[in-house]
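Participant: Here is a sequence together with a model predicted from it:
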Amino acid sequence: MQIEMITDVQIDLYGEKQYYKASAKQGDKNTRYLRVQLMNNGNEFQIPDDVILIANIRKPDGKFCYNECAKRENRVMVQLTNQALAAAGTAYCDIEMRDENGELILSSAVFTIEIEQGMRNESAMESCNEMTFIDRKFEFIKAMHDKVAEMKSEVEGTYADYTAALDNHAKDTNNPHKVSREQLEVDKTDNTSDMDKPVSIAQQAALDDIYQQLTSYTNQKIAGLINGAPSTLDTLKEVADAISAHKTIMDALDAAIGKKASAAEFDSHTKDITKHVTAAERTSWTGKLAPTGDASNVISTFSQASSRANLTSKEKLSVSLGKIMKWLADLANGAASSLLGTNLTANRALVANTGGKVAVSAVTATELGYLAGVTSGIQGQFNELNTHINGFEGVVLPLTGSDDQLSDQIYAKWGTLPNKRGCIYV
């Protein structure tokens, strides 16, 4: 009959030592259990299904029990074994959670177990270190080592058999495949020496088939060999290194204890904002465009710049769009606004209308051509011409004499001499 004397305790994952959480009597034989509920800041901690639970007990005489525990309804069932209760006094215990490779994930605060001294000594035993977790690991390693040796011998034997079969097949000169001369097309074959002839298609196919069989068999055996092994013990070298590095149970215990993180180290790791991404950071990164990504569907938020400025290399997209918006707004509101969305009448001069906008003049390009070669004000030229013409009004000159004589008479009267060519003599 299995007797279970269960004591329920609550242990925090953080905090100071918790004293006198449980008691038991020295010498009890595998009947005492602690049913431990792990707490996190006052809330029940949900223990993952894929972790290994270990009770690390330091007995009153300084020796250790390092035993694997079961999980039952989100509680850690700590069995107080004969060795755990072998010495009377105060024992210190914590609960460790490790992954399948034995790496420490989390440990609880330390709590004490008061072991009452037994009144009888007929069942007394010598107190020693007990490490069921390490023992099972080494039993697994030894079993793996034995299995590796067995499989190695089997693979070597199979390989030798296939090698011998392949060698015999290669040496068989009696046409084992019954290939005919017609199939070989001997009449088309180059009469070279045997050393220079390539391997036939049939021979290559046979070699490939044997190679595939050997490869498939070897892979199958290796996969079966490492099935279920932790990632740190799934090669022959890792198994051999583990056996060599942990020759005794005490060596393994020292290595395991040396990897245990303190509460301060764990707390420092959880608060390290450099190693962990916050929810806000993860949200802000969602949908971000890579520097060389496709920006065809990018939505940009920007506002119009306060003044016109040229675009510069490597400036923000929102800044560039704000500058372009300013240029377009000024064009739309300035003198050129009347040019938007319409074509001008061809071959016309441009003027500024009463609103200060660009507009088409009634003057044509042909009319502007009449002014070609003009070097001074036209109205001034007309005024000067009228002055000279008005000077001749009512004057009667005799049409006698030479041009020079007429010119002298005109100069004497008006003090100026018009160009004689084209003059009107009245």
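Facilitator: That came through fine.

Participant: quick one: average confidence on the host helix or strand of residue 34?
Facilitator: Assessed by DSSP states H and E, residue 34 sits inside strand 32-40. Strand 32-40 shows an average pLDDT of 90 in the prediction.

Participant: Could I get the buried residue list for it?
Facilitator: Judged by neighbour count using 16 or more other Cβ atoms under 10 Å, the buried positions of strand 32-40 are 32-36, 38-39. (Each C-beta comes from the backbone N, C-alpha and C, glycine too.)

Participant: so what strands line up beside the helix or strand that comes right after it?
Facilitator: Once the chain leaves strand 32-40, the next helix or strand it forms, by DSSP H and E, is strand 43-44. Take DSSP bridges as the rule and strand 43-44 pairs in its sheet with strand 32-40 (antiparallel).

Participant: got a list of contacts for the strand it pairs with?
Facilitator: 4-14, 22, 24-25, 44-45, 47, 72, 74-80, 85, 95, 108, 113 (Cβ atoms under 8 Å, 6 or more residues apart in numbering).

Participant: repeat that with 7 Å
Facilitator: By Cβ atoms under 7 Å, 6 or more residues apart in numbering, the surrounding residues in contact with strand 32-40 are 4-13, 22, 24, 44-45, 47, 75-80, 85, 95, 108.

Participant: Let me see the ranges of the helices in the stretch 251-400 of the chain.
Facilitator: For the stretch 251-400 of the chain, applying DSSP state H, counting those that start in this stretch gives helices covering 263-270, 279-285, 317-333, 365-369, 378-391.

Participant: Could you do the stretch 1-150 of the chain as well?
Facilitator: Under DSSP H, counting those that start in this stretch, the stretch 1-150 of the chain gives helices at 132-171.

Participant: Please give the element, helix or strand, for residue 182.
Facilitator: Using DSSP H and E, residue 182 sits within helix 181-184.

Participant: if you compare the helices of the stretch 251-400 of the chain, which one is most tucked away?
Facilitator: Each of these was scored by mean neighbour count; the highest is helix 317-333, a mean of 14, by mean count of other Cβ atoms under 10 Å.

Participant: what packs against it?
Facilitator: Using 3 or more Cβ pairs under 7 Å, 6 or more residues apart in numbering; DSSP states H and E as the contact test, no helix or strand touches helix 317-333.

Participant: quick one, strands of this structure?
Facilitator: In the chain, the strands defined using DSSP state E lie at 5-12, 18-25, 32-40, 43-44, 52-58, 64-72, 75-80, 89-98, 104-107, 111-116, 348-352, 358-364.

Participant: List the buried residues of stretch 152-166.
Facilitator: The neighbour-count check on stretch 152-166 (16+ other Cβ under 10 Å) flags residue 155 as buried.

Participant: Export it to CSV, keeping only CA atoms.
Facilitator: In CSV, the C-alpha atoms belonging to stretch 152-166 read as follows (Å, rounded to 0.1, in the frame of the first residue of the first chain):
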residue,chain,number,x,y,z
LYS,A,152,28.5,1.1,-35.0
SER,A,153,29.3,-2.6,-35.1
GLU,A,154,26.1,-3.3,-37.1
VAL,A,155,26.7,-0.5,-39.6
GLU,A,156,30.3,-1.5,-40.1
GLY,A,157,29.2,-5.1,-40.7
THR,A,158,26.5,-4.1,-43.1
TYR,A,159,28.9,-1.8,-44.9
ALA,A,160,31.4,-4.6,-45.2
ASP,A,161,28.8,-6.9,-46.7
TYR,A,162,27.7,-4.3,-49.2
THR,A,163,31.3,-3.5,-50.1
ALA,A,164,32.1,-7.1,-50.7
ALA,A,165,29.0,-7.6,-52.8
LEU,A,166,29.9,-4.5,-54.8
